[in-house]
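*Asks:* Task: produce atomic coordinates for the following.
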Amino acid sequence: MVSETQRLFNMAVSRINHIHLSAQDIFSEFEASLQSEEQRQLNKVFLQDTLCGSDMYLTQIDSKHETQRTSVLKLLSISYRLIESWEFPSRSFPLRNQISAKLTVLKTGIDLLIKANQEAGEVLLDNEALQLAPYGNYFTSLGEESLRRTYQLLGCFKKDMHKVETYLTVAKCRLSPEANCTL
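*Replies:* Numbering: from 1, shown residues only. A predicted model of the protein is given here:
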């Protein structure tokens, strides 16, 4: 029989998998819409130089080994903050409104998982709490700058959703050893 926490994790991992795949599709569609191969290559260079908002906060658990050692509650908290940071920009072109609604539902589910893990005795210290600034009006520039910023925004969205997918999968696997997860 599946516990309520396991059911919530299954739903959260399924939802973030769908959102991550959507992020990849949106990024690919945008990249394909660029006018020339030269423009696509130039934007890839811009993307390599881009520092996403989450990069400034998550350097301490960038490796696979560190992610697996991080507490379930901290992984959930980081995932929650990453999702929260994308709620506003996901309402605007080109991230589409359906993504925003899915992020909100996922954030609610992660919040329930955080509460369940706090009740289970795991504690997140105040200095471990993570505050991420929302992307806000990151992409509202005009002209060529707008194209580059949109490309960077979509690249960051895809990257952050991949991080959330990884963190939620690791947390789920750590709480469900019978799941026989390999990462």
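*Asks:* Please make it C-alpha for all contacts and neighbour counts, starting now.
*Replies:* Fine.
*Asks:* any idea how far L76 is from A23?
*Replies:* Counting by CA to CA, to the nearest Å, the separation of L76 from A23 is 20 Å.
*Asks:* I meant I16, not that one.
*Replies:* 10 Å.
*Asks:* do the same with D160
*Replies:* Taking CA to CA, one finds D160 at 10 Å from A23.
*Asks:* what's the average pLDDT for the helix ranked longest in the chain?
*Replies:* With secondary structure taken from DSSP state H, the chain has its longest helix at helix 143-175. For helix 143-175, mean pLDDT is 83.
*Asks:* Show me what counts as buried in it.
*Replies:* By neighbour count with 16 or more other CA atoms under 10 Å, helix 143-175 contains the buried residues 147-174.
*Asks:* Run through the neighbouring helices and strands of that helix.
*Replies:* helix 4-33, helix 37-48, helix 64-69, helix 72-86 (3 or more CA pairs under 8 Å, 6 or more residues apart in numbering; DSSP states H and E).
*Asks:* quick one, which of those is packed in tightest?
*Replies:* helix 72-86 (a mean of 23; mean count of other CA atoms under 10 Å).
*Asks:* Next, the angle from it to helix 4-33.
*Replies:* Here helix 72-86 runs at an angle of 40 degrees relative to helix 4-33 (axes from the mean of the first three to the mean of the last three CA atoms, to 10 degrees).
*Asks:* Just the CA atoms of helix 72-86, as CSV, please.
*Replies:* This file holds the C-alpha atoms of helix 72-86, laid out as CSV (Å, rounded to 0.1, in the frame of the first residue of the first chain):
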residue,chain,number,x,y,z
VAL,A,72,15.2,15.6,1.9
LEU,A,73,13.8,18.7,3.4
LYS,A,74,16.5,20.9,1.9
LEU,A,75,15.9,19.4,-1.5
LEU,A,76,12.2,20.1,-1.2
SER,A,77,12.8,23.6,0.0
ILE,A,78,15.1,24.4,-2.9
SER,A,79,12.6,22.9,-5.3
TYR,A,80,9.9,25.0,-3.8
ARG,A,81,11.9,28.2,-4.1
LEU,A,82,12.9,27.4,-7.7
ILE,A,83,9.2,26.8,-8.7
GLU,A,84,8.2,29.9,-6.9
SER,A,85,10.8,32.0,-8.7
TRP,A,86,9.2,31.0,-12.0
